[in-house]
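Trainee: Any chance you could fold what I've pasted below:
(chains A and B)
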Amino acid sequence: MINDLKNEIESVKDLFFKEVRKVKSVDKFKIVKEQFISRKKGFLTNILKGLKDFPKEDKPLAGKLVNKLKIQVEEELEKLEKSLINKKEDSIDYSLPEFDSPLGRNHLLSYVKNEVEEIFIGMGYDIADGPEIETEYYNFTALNFLEHHPARDEQDTFFIKNFENRVLRTHTSPVQVRYMENNTPPIKVIAPGRVFRKDEVDATHSPVFHQVEGLLVAKDINFSHLKGTLSFFLKSFFGKSVDVRFRPSFFPFTEPSAEVDVSCFLCNGTDSHCKICKGTGWIEILGSGMVHPEVLKNGNIDPEEFSGFAFGMGIERITMLKYGIHDLRMFYENDIRFLNQFG
Amino acid sequence: MKINTKYLKEFIKFELDTIGLKNLLETMGFEIEEIVNHNGIDVIEVEITPNRPDWLSHYGIARDMYAKNPELKLIERKNKTQLKGFNNDFKIITENNDDCPRYSGCIIKNIKVTESSSEIKELLVSLGLRPINSIVDISNLILMTYGHPIHIFDLDKIKGNQINIRRANKEEKIKLLDEQNIELNENFLIIADENKPLALAGIMGGFDSGVTYDTKDIFIESAVFNPIVVRKSARKIGLSTDASFRFERGTDILCTKDIIEKTIDEINKSVNKTMNVDYFFDVFEKEFIPQKVIMEKTFPSKYSGIDIEPKESENILNRLGFETTDKNTYWEVIVPSYRVDIYGKQDLIEEIVRIYGYDNLNSVLPEVSTDKIKKWPVRELRRNIGQFLVNNGAYEAINYSFHKREDNEIFADEKLNIEIKNPLGLDFSIMRNSLIPGVLKNISTNINQSLKSVFLYEFGSIFALDNKEILQTNMLTIAATGLYNKNNWKTKDNIKWDLFIFKSVISKLFSRLFINVEFIRSDINYYINGTEFDIICDNIKIGTIGILEDSICSTYKIDDPVFIADINIEKVKEIKHEFKLKKWNVFPSTKRDFSFFIDKDKNYENIKMLINSIKPEKLISFELFDLYEGKGNPDDKISLSMSFIYQDESKTLENNEVNRIHDSFIEEMIGKLELTRR
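Mentor: Numbering: from 1, shown residues only, chains lettered A, B, ... in the order given. Predicted coordinates for the structure are as follows:
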């Protein structure tokens, strides 16, 4: 009989502590208190009432057990009541607003440069850079721009005073030759960097802008690899659904050369007045081609043994297209109203 | 180059509408600029890459369209005129074959110069040319039709019955057709009669020898001039003409006679029947050897990545005018004289795949891996620094690399400037030698938008002359001004940036990079005196920090103080931190405080340096926790309170041992710094 009592006490105790943990308000507290120690039908009262049926010799022990439980319960209830009352006194309005904590942003151009780099890092490319003030050799001659050929006019060049044959690089392509000189095939590298053209500042021109160059040289590289790589890149960057088109073009340092377009992601060719594609359905993105054998030779690579492809794109251009920026000057004004929208 | 779609049809039969034609031209490699309608005829303006001078005419484009699509029928015009050597006492004398490898000339007498037919005038206008008279218009028509520049002289203006193709003398001058007077020298190649210049070879004719309505007899020149000579001269006088544009790119050396015949056919058509050819002579002394290319038959497939039947490659080349000789495993390919851009087999591949169609080629990801170990320390540094600064409220700025003289002057002697020879203007004339002016301009821009707080950073290259060479240095500049933290309902006060907050941020930035730095007082003229510090790591200066001089701020229209940290990334990237687990001290540390008075003119840096020089081994760190100035202090003294932490690596320090160490250390400090206990 005493064992039954012990069991009952244990289960009442369990139930009590379970209920107590759920109490978060004074109302709920009152209910729990009533449930356990009400004079009429509380669990403890019921157990106490049951003591009268115990044999005489068991009564002292039973009384002691029940009493212990009673004290525990009462102490716990008192503690709980206090904490509930105190809580009420201390409460503040936590819906008051949080504080502005200053947060900056990376420049959108850095962000996009990083986006591009990560796609190529994923394909196992190295990243390289070269000097912004280049020799005419690396900027033109090594890239098969003949000295007096009109191809040199296509890139209006800044020259450096007092330095014969020094220019502000007009493209990141010089890094191709520099990298080939210092590495042996297979070569996989991209070269992001700052370039310069003598263009007056307006919404679509800037004397300073950024490019990413790419170069892959290995055995048996052919034109389909160029198409495959750039299609993959452009779909990664602009979205899976864009179509990619290659058109014949000319660059002195590639042969064959290709201009690469993506299908217009704004109108998909359906709007004849489209701001981006002007109704053609295609947007010109980058220049590319198979590396010219003269350029490979200038990089100390035998064109009979190795072949490769190269490409170059303007970071500003792809950024403007992807993020809907219509004025190139915004990148260089560093107005926080612009900066805080990206990066 | 403008293409009159109706005129194009005189050379090739096609059914395409203008959009279809545009699409065809694009797949051939033309860049379409715009399409305009000229009196009911679509005119397509195309941009032609510098390698394709053979495209600079309607016939040239028709010829390539046929190669692209042999179903289109090419229409050749047979010459009615057939010139033979025809001599009289007129002479053509070429001084140097390199300057002028071929010169064909022809005299026609008894012509009548009129206005051109409205048809021809209309055609020329649609192509952007101004009709002049029937003869000049024909020379332009020939140019636009066949792409070879010719020049027609008034024979009466040619003295001495001779044409000299020679370099000019220093004393000579010429008035060009555009009435520009040019002082000549030996760099100019000219066409001259027995004593005076008549034309600038390949660029423009002279005003005095041009054909007018009074002209009766004419001399027609159809020649090939050295592209480099033409280019240099044209650039020298800042002139680009339809003729020079084509000569610079290269012309067809075999066409000159044919072109004269075609010109005479046109004159015959339009002028009158009384004219007669009086003279024809062709100076063509050096034999023309066509370009020959060897190409293995497997190469087109190998290089394009798609199986192209050798027969198909050969057909494409033949349609393009290349002669192929089958040599079993390879072809010997003879390049037509009008394709001045073809030298090697890669050039032939471009022709084959261009005609085959880029769209028809495969698209394959190359399976190439390299064993190059890829490490990009600057990239990693930039990423970590960028993340830290952004999270602390800074925006990244990107500025041009150009300064005006005054911007550079703040930082270094102008003798060290790297100047641009041909700048866009004075504001863009010098390569920046600091990133500070750029971010100051950005601060100013943003303050003008009534922003109360600007916190910026920029990564970029700066340039200076170093030992007669150009030195490019990668820098990071951080700038802050105005509010550090805005007031709110809880913290009632605005907190402005001050040097202590700024130093804390910069110090934390270096901690983020696991770099231990110290700020050591320095003397830098663009910072306010007393606020300037070198940032030092392992005795190497890696940057500076300070408050910018007021006068500089006001130059950039900024009123509030500007806090600058200017950090040399090249130096920072050399600092290596090795990540290896170190055991930490498990024994309790003990703190002792010490408050004292010190002379106001002793700065904290002195105290810190002294402590570092005399500190006992068990003293592991110390900090300043209070500073009091004013009431209750002796005159000229400030009161500082510092705490010192003692710890032993191998045992718990007993109280009396700490006391002994601390007391003797404090005694030494008092003695050396002349302190008074408080």
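
Trainee: A:Asp261 should be in a helix, yeah?
Mentor: No: using DSSP: H, G, I helix; E, B strand; the rest coil, the secondary structure at A:Asp261 is strand, not a helix.

Trainee: got a list of what it touches?
Mentor: A:Val244, A:Arg245, A:Phe246, A:Arg247, A:Trp282, A:Ile283, A:Glu284, A:Ile285 (CB atoms under 8 Å, 6 or more residues apart in numbering or on different chains). (Each C-beta comes from the backbone N, C-alpha and C, glycine too.)

Trainee: Helices along the stretch 51-200 of chain A, start to end?
Mentor: A:59-90, A:108-122, A:136-139, A:174-182 (DSSP state H, counting those that start in this stretch).

Trainee: Out of these, which is closest to A:His210?
Mentor: Nearest to A:His210 among the helices of the stretch 51-200 of chain A is helix A:108-122; the distance by CB to CB comes to 6.1 Å.

Trainee: The residue of the stretch 151-300 of chain B found nearest chain A: which element?
Mentor: Closest to chain A within the stretch 151-300 of chain B is B:Ile228: 4.2 Å, counting by CB to the nearest CB. Per DSSP states H and E: B:Ile228 is located in helix B:227-236.

Trainee: in that helix, what counts as buried?
Mentor: Residues of helix B:227-236 classed as buried by neighbour count (16 or more other CB atoms under 10 Å in any protein chain shown): B:Pro227, B:Ile228, B:Val229, B:Val230, B:Arg231, B:Ser233, B:Ala234.

Trainee: So what's the model's average confidence on it?
Mentor: Helix B:227-236 shows a mean pLDDT of 93.

Trainee: Next: stretch B:522-540.
Mentor: Predicted confidence along stretch B:522-540 averages 95 (mean pLDDT).

Trainee: can I get the CA coordinates of it in CSV?
Mentor: The C-alpha coordinates for stretch B:522-540 follow below in CSV (Å, rounded to 0.1, in the frame of the first residue of the first chain):
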residue,chain,number,x,y,z
SER,B,522,54.8,60.8,-37.7
ASP,B,523,55.1,64.0,-39.7
ILE,B,524,53.0,64.1,-42.8
ASN,B,525,52.3,67.5,-44.3
TYR,B,526,48.8,66.8,-45.5
TYR,B,527,47.5,65.7,-42.1
ILE,B,528,46.8,68.2,-39.3
ASN,B,529,49.9,68.5,-37.1
GLY,B,530,49.8,66.1,-34.2
THR,B,531,47.1,63.8,-35.7
GLU,B,532,49.4,62.0,-38.1
PHE,B,533,50.6,58.5,-37.5
ASP,B,534,52.5,55.8,-39.4
ILE,B,535,50.9,52.4,-39.4
ILE,B,536,53.7,50.1,-38.6
CYS,B,537,54.0,46.3,-38.6
ASP,B,538,57.2,44.6,-37.7
ASN,B,539,59.1,47.9,-38.2
ILE,B,540,57.8,48.3,-41.7
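
Trainee: So what touches that stretch?
Mentor: By CB under 8 Å, 6+ apart, stretch B:522-540 touches B:410-411, B:436, B:499, B:503, B:506, B:510, B:515-521, B:541-550, B:552, B:561, B:564-565, B:567, B:571, B:575.

Trainee: again, but for stretch B:660-674
Mentor: Contacts for stretch B:660-674 (CB under 8 Å, 6+ apart): B:592, B:594, B:596, B:598-599, B:602, B:606-607, B:610-611, B:614-616, B:618-619, B:644, B:646, B:675-677.

Trainee: Try it again at 6 Å.
Mentor: Residues outside stretch B:660-674 that contact it (CB atoms under 6 Å, 6 or more residues apart in numbering or on different chains) are B:Arg592, B:Phe594, B:Leu610, B:Ile614, B:Pro616, B:Lys618.

Trainee: From these, which land in strands?
Mentor: B:Arg592, B:Phe594 (DSSP state E).

Trainee: thinking again about what came up before, wait, which of the helices of the stretch 51-200 of chain A is closest to B:Arg166?
Mentor: Checked against CB to CB, the stretch from the helices of the stretch 51-200 of chain A lying closest is helix A:136-139, at 31.5 Å.

Trainee: quick one: contacts of whichever helix or strand comes after the helix holding B:Ile228?
Mentor: Toward the C-terminus, helix B:227-236 is succeeded by helix B:242-249 as the next helix or strand (DSSP H and E). With contact meaning CB under 6 Å, 6+ apart, helix B:242-249 is reached by A:150, B:50, B:53, B:56, B:143, B:149, B:202-203, B:225, B:227, B:230-231, B:234.

Trainee: If we use 8 Å, what do you get?
Mentor: Outside helix B:242-249, the residues touching it (CB under 8 Å, 6+ apart) are A:150, B:50-53, B:56, B:140, B:143, B:147-149, B:151, B:202-204, B:224-225, B:227, B:230-231, B:234, B:340.

Trainee: mind checking the SS state of residue 258?
Mentor: You didn't say which chain, so I picked chain A. strand.

Trainee: Pull up the gap between it and chain B, please.
Mentor: From A:Ala258 across to chain B, the span is 6 Å (CB to the nearest CB, to the nearest Å).

Trainee: Hmm, that residue is touching A:Phe246, no?
Mentor: Yes: if you go by CB atoms under 8 Å, A:Ala258 and A:Phe246 touch, sitting 4.4 Å apart.

Trainee: between those two, who's got more neighbours?
Mentor: A:Ala258 (30 against 25; other CB atoms under 10 Å in any protein chain shown).

Trainee: give me every residue that touches that one.
Mentor: A:Leu226, A:Phe246, A:Arg247, A:Pro248, A:Ser249, A:Gly287, A:Ser288, A:Gly289, B:Tyr358.

Trainee: Now rank the residues you listed by neighbours and give me the top one.
Mentor: Neighbour max across those (other CB under 10 Å) = A:Leu226, 30 neighbours.
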